[in-house]
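Engineer: okay, sequence plus prediction incoming.
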Amino acid sequence: MSLIEFKNVNFIYNGEDTESLSDINLKINEGDFVVVSGKTGSGKSTLLRLMVESVPNYGTVNNEILFDESIKAEKGKLPKVMYLMQQIEHQIITDKVWHELAFCLEQAGLSQNEMRNRVAEVSNFFGIEHLYKKSTDKLSGGEKQLLVLASLIAANPKVLVLDEPVSKLDPITAEHFTENLRRLHDELGITVVVAEHRLESLIMPADKLVIMDNGKILLEGKKENVCKEMALNKEKYDIQAFPSVYKKAVSLGFKDKLPLSVKEAKDINLDKILLDSLNKKQDELLNKDKDKEKPDYILSLREVCASYDKKAPVISNLSFKLAQGKRLFILGGNGSGKSTLLKVIAGVKKPDSGKIKASVPVYMLIQDVEMCFLKNTVKEELLSVYKSLDDVMIPLDFSDNYLKRHPYDLSGGEKQLLALAKVLSCAKKDENFLLLLDEPTKGLDETQRENVEAVLSLVKAAGNSIITVTHDLEYASKYADYAAFLFDKDLVGLSKASEFFKNNKIYTTQLARLTNGEIL
Amino acid sequence: MNYKLLALVLLVLLLTLYALTITSKRIRTGRMVVIVIMTALSVVGRFIPFFKPIAALSIITGMYVNAGSGMMVGMLSVLISNFYFGQGPWTPFQMLAFGLIGFLSGVLSKYLINNKTFLIIYSLFCGVIYSLILDVWTVLWLGGGNLLEKYLATAVTAIPFTLVYAISNVIYILILNKPFGEKLLRMKVKYGI
Amino acid sequence: MERVNPRVNFIFFVLVSGITMFSLNPVILCMSLVFSFLICATVGMQLDEKKMRFWPFVPGIIVILVNPVFSHNGSTVLLFIGDNPLTLESVIYGVVSATMLVSVLYFFICLSYSMSDDKFMYVCGFLSPKLSLMLSMVFRLIPLMGRKMKEADEAARCMGMYKSENIFSDIKVKLHVFSVITTWSLEHGITTADSMDARGYGRRRQSFYSVFKFTLRDKIYLLLILVLGIYVIFGIAIHKLNVSYYPDIIITKPDVYTLSLYVSFLVLLISGVLLNKKGR
């Protein structure tokens, strides 16, 4: 029995002329764990939104979406399809954790005793009892996401629809969240529909995959079948979203038993094959690694300490140097003080002690780039800091269509670049600088990441240095010259990126785990 | 006759009644969120030195959303910000004053949006109204007889303050009107709030 | 953990500040003044702490100074200022009103100090769940906006907006930051609205979840303060505590009934101290 059925559905947003979704045929069956994959703008969010009757869709639906009797929206009853949206911060409604947990129940008009009972149940299920009396504002991103999920589950839904729930979380928190989704599906029998553009953690519990592009469903079916189909026609489909072991296996020509995790990769001996191919190239690599120039240091930190509260320092006695024209990636868990370190280097926050010496100007892009926007169009935004559009330091798309848009309507990657252009407005034309980036790829899909990276490589090629803070390991392994780990208030393991990822056994990329660090 | 008692009891009753009426009516979700955000903004804005945006933001909400929302923003902002700036018997009077200002601007929204001069006069007038209502509180608090005489005397002594207040109010409105108007209208167009 | 249900506490403060406001009886007022200090101390404000604010004395002193200027009633003339007499009665009346003002203000301070956000919401939830929900939403946004303002300030710093170190440029940047936060919060408000819709907001009459319990002890406390309070208010209503200040000061002779009113008020205030004492 299918719960939700799309029959040739087309959808147009108000005030737009092109269809955002076309010819959608899809059945969601009871007990499914469906993962919808696709780039930003492929229509996956729109598709998910149409599954939720209780939210307005700001557009027109042609043809039919059928909902099963058991989940149809009824007046006076709580919705049976619950919806977790992309923005973690903004879907929290109230100020206290207990209030958030009880929100749905209050709307259903339940009695005090029933509510207490349900709230107790879900807090126990998700293990968040210790947060019960806290303010929602004091929670970390992962805790917030879990809180909203718990609050939805309190309403006892049949279907759970989640829009990119893990793309903004660090890998460990993402795993934890996925594990909770799996439990909801397996233990409570809830039907789960998730959209995500990076599948590394979500693909394991999924049993159905839907691949979308350009408002259309390209491929849909059982996970194994879809994986196989994509491997067979690898020119036709974009497999960027998939785990890197899968991508590697596909590129090596595997057609069957495609691995989705490190274990599955070992089962088919992918590691041996990779290492064998590596031995042939080993010699070339060794020669390439030998460039022994004396580097020009543009930044040096000596025994820097910083804190928000004198009793609990965030970084202490931290020292390092950075050479000109290099990219350093600083990795670390949530709340390890990565952002604080950047602020100290940028001079936004004063260190308690220690010396910071930078021989070039330092520019920083803060994490939430929306904090840089004020005007109504991209053009006004740029002209508020530049005399004319010709002065803009980095290549942007200067088409009329782009310049006329509202900064908040841009995609994540475009926002990053616009904010970068604003921050670099202070830089002089022929002077090198140091750029600090705070999680520039948070929530971006592969394509957007490449776009941002294209600009950053130009910046680097001009002889500027960049320090990036991130928890995206695959990203760091691709572009870093140096990498380090911020742990216990200090930088640990600062070394050449290749050595860093080789030496790390756990905190490293999937392929490095598989090949013992020989391949990133 | 205890005027203080009468005034306070009446005011509190009025506000309670209003709180009860909003529960019986269904406010659209989007509108409710806008009210909440404008309220939070005016509370947060009060922490910026020399910046007292409550009246201005109530007027703007009234103008661009509707009368009821303007009133809610005015009353809630005072009630909540007084938790940080001192709660007192004057709270109901301030709530009344700002609620009224927000409500009226909703009623007059057509003229206020289209006519800048009218907007300036209105915000001056709001400053005066606010002072006059607060003077009632002062006089009731002094107590004793000759209430009318005392009221006039207070109002006259307060003229400089009233003027400063009214003029600063005009300045805030002039600063905030355009950006807030644009932003609220964008919300209206994009999401139909 | 606070000892008593916030609604009971709220009712207590309404009763005592009401009685204080509407009686001009010096005995009542003296008791109010003393106990407003005492309760301030019990809710956790030490006299030597900065939190103990002395500002209520400012309006108090103003009232003392202003009253004789306006009011020339009273039979005992102390001296003439110009043509206007300064009377003993009006001076005393000023002092009495000032006492009342100061003690009411301190009761309010106690009230807002002992009412955290969630307690205040709980009190309002009794009136209207929707109002309480709105308050809760505002209370979420305030710290969030504060945090975001700091971030926007850092962004402004990074974009080189702090050009000079004077107060005007400072305020200019602050206003810029305020604008940024405005756009940000309104743009994302729609997500909050959708999130509410998705969770079934407004489907039917809301109920109100609370973390506070209404225990037997709360009921006893409530009954006690209500009985005492209403008894005193009744006494005021039938003019048993009346004091007339103009033209001469006349205090009704205290009889057993008046005394019982004083004692009731005293017990009420003492119970307030117990009410506000922290557990453990």
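Structural biologist: Yep, that arrived.
Engineer: for chain B, what is the nearest residue in the stretch 1-150 of chain C?
Structural biologist: Scanning the stretch 1-150 of chain C for the residue nearest chain B gives C:Leu141, at 3.6 Å (criterion: CB to the nearest CB). Heads up, the C-betas are built off the backbone N, CA and C, glycines and all.
Engineer: verify the stated contact: that residue with B:Met38.
Structural biologist: No: counting by CB atoms under 8 Å, C:Leu141 stays clear of B:Met38, with 10.2 Å between them.
Engineer: what about the two, which has more around it?
Structural biologist: B:Met38 (32 against 25; other CB atoms under 10 Å in any protein chain shown).
Engineer: only the buried residues of stretch A:507-516, if you could.
Structural biologist: A:Tyr507, A:Thr508, A:Thr509, A:Gln510, A:Leu511, A:Ala512, A:Arg513, A:Leu514, A:Thr515 (16 or more other CB atoms under 10 Å in any protein chain shown).
Engineer: and what of stretch A:359-378?
Structural biologist: Within stretch A:359-378, judged by 16+ other CB under 10 Å, the buried ones are A:360, A:362-376, A:378.
Engineer: that one near chain B at all?
Structural biologist: Yes: under the criterion of CB under 8 Å from any CB of the partner chain, chain B is reached by stretch A:359-378 at A:Asn376.
Engineer: what's the end-to-end length of that stretch?
Structural biologist: 33 Å (CA to CA, to the nearest Å).
Engineer: so it, near chain C or not?
Structural biologist: Yes: where contact is defined by CB under 8 Å from any CB, part of stretch A:359-378 touches chain C, namely A:Tyr363, A:Met364, A:Leu365, A:Ile366, A:Gln367, A:Asp368, A:Glu370, A:Met371, A:Cys372, A:Phe373, A:Leu374.
Engineer: between those, which is closest to B:Ile54?
Structural biologist: A:Leu374 (22.4 Å; CB to CB).
Engineer: doesn't A:Ser384 make contact with the closest one?
Structural biologist: Yes: counting by CB under 8 Å, A:Ser384 is a contact partner of A:Leu374 at 7.3 Å.
Engineer: show me what residue of the stretch 251-400 of chain A gets nearest to chain B.
Structural biologist: Taking CB to the nearest CB, the stretch 251-400 of chain A has A:Asn376 as its residue nearest chain B, at 6.2 Å.
Engineer: beyond the helix or strand of chain A with the lowest mean pLDDT, next helix or strand please.
Structural biologist: Every helix and strand of chain A was ranked by mean pLDDT, DSSP states H and E. The lowest is helix A:270-288, at a mean of 66. Downstream of helix A:270-288, the next assigned helix or strand under DSSP states H and E is strand A:297-309.
Engineer: which positions within the host helix or strand of C:Ile64 qualify as buried?
Structural biologist: Assigned by DSSP H and E, C:Ile64 falls within helix C:57-70. Across helix C:57-70, burial judged by 16+ other CB under 10 Å covers C:Pro59, C:Gly60, C:Val63, C:Ile64, C:Val66, C:Asn67, C:Pro68, C:Phe70.
Engineer: now do stretch A:70-87
Structural biologist: For stretch A:70-87, by 16+ other CB under 10 Å, it's A:Ile71, A:Leu78, A:Pro79, A:Lys80, A:Val81, A:Met82, A:Tyr83, A:Leu84, A:Met85, A:Gln86, A:Gln87.
Engineer: which ones among the buried residues of stretch A:359-378 map onto strands?
Structural biologist: Those of those mapping onto strands are A:Val362, A:Tyr363, A:Met364, A:Leu365, per DSSP state E.
Engineer: tell me the bridge partners for the second one.
Structural biologist: Here A:Tyr363 sits in beta bridges with A:Leu435, as judged by DSSP bridges.
Engineer: now A:Lys222: closest residue in space that isn't a chain neighbour?
Structural biologist: In this structure, A:Lys222 finds its nearest non-sequential neighbour in A:Lys208, 6.2 Å apart by CB to CB, 6 or more residues apart in numbering or on different chains.
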